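Asker: Model the structure of this input:
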Amino acid sequence: MFIAPVAIAPAIEHFGDVIAIGSVTKKDYLTDPGIDKTLLGDGIATMVASFLGGPPNTTY
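Answerer: Numbering: from 1, shown residues only. Take a look at the predicted model:
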């Protein structure tokens with residue numbers, strides 16, 4: 001129960017980052033490639049960083 005905010009906050013941050021990056025690049029990343037794929041990529045990148053001893057990363 002206490003860890004839920006730790007999981008929810010990065011997901012909300014990711015969603016906002018994708019919208020902001022899309023507004024700068026004039027591309028709709030929410031539909032192509034889709035928020036599910038960008039969130040998956042962000043999660044995989046964070047897992048790889050942790051396996052290599054690195055800190056967590058962020059979307060941008």
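Asker: so what does the longest helix along the chain touch, helix or strand wise?
Answerer: The single longest helix within the chain, with elements called by DSSP state H, is helix 4-25. The elements that helix 4-25 packs onto, with contact taken as 3 or more C-beta pairs under 8 Å, 6 or more residues apart in numbering; DSSP states H and E, are helix 35-51. C-beta: built from backbone N, CA, C; applies to glycine.
Asker: Pull the contacting residues for Pro56.
Answerer: Residues counted as contacts of Pro56 (C-beta atoms under 8 Å, 6 or more residues apart in numbering) are Thr46, Ala49, Ser50.
Asker: so can I have JSON lines of these showing neighbour count?
Answerer: Shown next, in JSON lines, are these (neighbours: other C-beta atoms under 10 Å):
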{"residue": "Thr46", "neighbour count": "16"}
{"residue": "Ala49", "neighbour count": "13"}
{"residue": "Ser50", "neighbour count": "12"}
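Asker: nearest to Val18, of those residues?
Answerer: If you rank the contacts of Pro56 by distance to Val18 using C-beta to C-beta, Thr46 comes first, at 15.3 Å.
Asker: picking up where we left off before, residues in contact with the longest helix of the chain: which ones?
Answerer: By C-beta under 8 Å, 6+ apart, helix 4-25 touches Asp28, Tyr29, Leu30, Ile35, Thr38, Leu39, Asp42, Thr58, Thr59, Tyr60.
Asker: okay, now the closest residue to the second one other than its chain neighbours: neighbour count?
Answerer: So that's Tyr29. Distances taken as C-beta to C-beta, 6 or more residues apart in numbering place Gly22 nearest to Tyr29, at 4.6 Å, with adjacent residues excluded. Using other C-beta atoms under 10 Å, Gly22 is surrounded by 15 other residues.
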